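[1] give me a model of this one.
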Amino acid sequence: MGIEFPKVRVNSLINAQTRNWDVDLLQALFKPEEVQLIRGISLGDVSARDKMIWPHTQSGTYTEEICDHCKSHSEDIVHALWLCPCLNEVWEADTGWSFRNTVRWDDFQKLILHVEEVGLDLDLFAMIIWLLWHRRNQIKVGNSATSLGQIVACARQQLQDYNLVQPMKPATESANLHTAVTWSPPRAPFLKINYNGAVFQDSNSAGLGAVILDSVGGVLASLAENIPLPQTVADMEAAAVRRAIMLATDLNLSSIVLKGDSEIITRAIQAEEQSLASYGNLIEEIRLHVDSFLNFRITHVKRKRNSVTHRLARHVSDLVVWMEEVPSHILPVLLTEAG
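    All right, here's what the predicted structure looks like:
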C-alpha cells in the first residue's frame, strides 16, 4: 500500500473525509482481533488534541486498590464481585452462573445486561452482589463479615423476606402505577430526544437508537445504527448520545431535552471538567454541538421509560433514519409508553 508500518501514525489510519477508521488499511497492518479492538474506539467528527486517558474506570478517574478478597489483584468492580478466584464457592453454588468460566466481561454493566437478557434471576444476582459488596466494606473497616460459603443462602433468605413483606396492590393501584411511568411530554419550546444502545456480543457490534418526540407525542424522527462494538458500555452510550445530537443538528432543532438511561454519560456531559475517560473525545464533541442549541437540557431516566429507543437500538442495520415514524414493529411499544 506504499506505507511503511514504522512511519504510520494514528491519523494515517483515519479516513479524512468520512472521519471513520480506514478498515482496508487496518486489515493490512493488524491482526483481525486487533482490527476489531481498534474499530471499537469511537471517533468523532471534530479533531481532538492528544491527551492521556485512564480507561480502567468508567469516569476516567485514576484509582487503584488491592482486592480485599484475594489481597493480590488490583481491585476493580468486575474482579471484586465476579472474577476473583476467592469467589468461586459463591458463583459455583448454582450452575446458572457457569458462564463465568467461559465468558469474560471487562465492564460490569455488560455483565448485568447479559444476566437480564438470558433470563437469569436478576433479583437474586443483585442481592448476591450487594452482600459481596457489603462484606467487602465490612472487611475494609475491620468488622466481622459473612463467610463466602453463606452468601448465596443469605441472599435467597433476604430476598424471600423482602418479598414476603411487600403489600399486595389492588389492580386499580397497579394500573395507576403503570400510568405513572409512561411517557410525559416536554414543555414548550422543547422537543424530547431519547437515546439508547444495545450490545450484540455474537457479532462484535452494537446498536444505537434515538427518537424525537414533540409535546403531543408525535414522532418527528427516529434512528437506528449498527456500529463496531465499543470497548465499554459507556463508550457505546456516548456514541448513542452523539448520534442523537447529530440528528437534532441535521434537523435544525433549537430546543431539546435529551434523555437516556446512562447516568455516567449524563454526568460526564453536565460536568465542567475535561473527561479523561475513553469516551472523552465524544463528550467534547457533544459539548460543542450543545453550544449550537438555543435551549438544551439532559436528564437521566430509568431504563423502563426508555423502551422505544432500546428496541430501536436492537434494530440490526446500517444507519437508517425514519421521518415522522418509527419502524412498524416498534409502534406498539411507542403507543404503550405514551399511555
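
[2] separation between the residue nearest to the spatial centre of the chain and Val78?
    Centroid check for the chain by CA atoms, centre = their mean gives Val233 as the closest residue, at 3.8 Å. Val233 sits at a distance of 12 Å from Val78 (criterion: CB to CB, to the nearest Å). All C-beta spots, glycine's among them, are computed from the backbone N, C-alpha and C.

[3] now Gln158: closest residue in space that isn't a chain neighbour?
    Leaving out its chain neighbours, the residue that sits closest to Gln158 by CB to CB, 6 or more residues apart in numbering is Met127, at 5.9 Å.

[4] same check on Ala277?
    Among residues not flanking Ala277 along the chain, Gly60 sits closest, at 3.1 Å (CB to CB, 6+ apart).

[5] repeat for Gly260
    Distance criterion CB to CB, 6+ apart; nearest residue to Gly260, sequence neighbours excluded, is Tyr195 at 4.6 Å.

[6] please apply the same query to Leu229.
    Of all residues beyond its chain neighbours, the one nearest Leu229 is Asn204 (4.7 Å), with distances taken as CB to CB, 6+ apart.

[7] quick one on the thing from earlier: got the contact list for the residue nearest to Ala277?
    By CB atoms under 8 Å, 6 or more residues apart in numbering, the contact set of Gly60 is 53-54, 275-278, 280.

[8] picking up where we left off before, wait, the residue nearest to Leu229 sits on Gln36?
    Yes: the pair Asn204 / Gln36 is scored as a contact, 5.6 Å apart, by CB atoms under 8 Å.

[9] overlap in contacts, the two.
    Jointly contacting Asn204 and Gln36 under the rule CB under 8 Å, 6+ apart are 228-229.

[10] assumed Ile256 was part of a strand.
    Yes: under DSSP: H, G, I helix; E, B strand; the rest coil, Ile256 sits within a strand.

[11] Ile298 versus that one, what's the distance?
    The gap separating Ile256 from Ile298 is 9 Å, by CB to CB.

[12] so for these two, which residue has more residues nearby?
    Set side by side, Ile256 and Ile298 show more neighbours around Ile256, with 25 against 20, by other CB atoms under 10 Å.

[13] ends of stretch 322-335, how far apart?
    For stretch 322-335, the first and last residues are 17 Å from each other (CA to CA, to the nearest Å).

[14] make 250 the first number, not 1, from now on.
    Fine by me, first position is 250 from now on; the one you just mentioned is stretch 571-584.

[15] walk me through the domains of the chain.
    Listed domain ranges for the chain are 254-288, 326-413, 440-586 (source: automatic domain parsing).

[16] can I get these in JSON lines with mean pLDDT?
    Converted to JSON lines, the domains of the chain look like this (pLDDT from 0 to 100):
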{"stretch": "domain 254-288", "mean pLDDT": "84"}
{"stretch": "domain 326-413", "mean pLDDT": "87"}
{"stretch": "domain 440-586", "mean pLDDT": "89"}
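
[17] please identify which of these is closest to Arg298.
    Each of the domains of the chain has some distance to Arg298 by CB to CB; the shortest is domain 440-586, at 9.1 Å.

[18] out of the contacts of Gly309, which end up buried?
    Buried by 16 or more other CB atoms under 10 Å: 524-527, 529, out of the contacts of Gly309.

[19] out of those residues, which is nearest to Arg385?
    For the buried ones among the contacts of Gly309, the nearest to Arg385 is Ala526 (24.0 Å; CB to CB).

[20] surely the closest one meets Ala520?
    No: when contacts are counted by CB under 8 Å, Ala526 is not listed as touching Ala520 (10.7 Å).

[21] re the thing from before, in three-state terms, how would the residue nearest to Ala526 be classified?
    Classified using three-state DSSP, Gly309 is coil.

[22] buried set for the helix or strand that contains Ile378?
    For Ile378, the host element (DSSP states H and E) is helix 371-389. Across helix 371-389, burial judged by 16+ other CB under 10 Å covers 373-374, 376-378, 380-381, 384-385.

[23] what about Asp484, which SS state?
    The three-state label given to Asp484 by three-state DSSP is helix.

[24] name the nearest residue to it, sequence neighbours excluded.
    Closest residue to Asp484 apart from its sequence neighbours, by CB to CB, 6+ apart: Tyr528 at 4.6 Å.

[25] and the one you found, how many neighbours?
    Tyr528 has 30 neighbouring residues, counting by other CB under 10 Å.

[26] next: Asp273.
    The tally of other residues near Asp273 (other CB under 10 Å) stands at 10.

[27] quick check: which element contains Thr548?
    Element membership for Thr548, per DSSP H and E: strand 544-549.

[28] shared neighbours, Ile505 and Ile547?
    Joint contacts of Ile505 and Ile547 (CB under 8 Å, 6+ apart) do not exist.

[29] that concludes my questions; thank you for your assistance.
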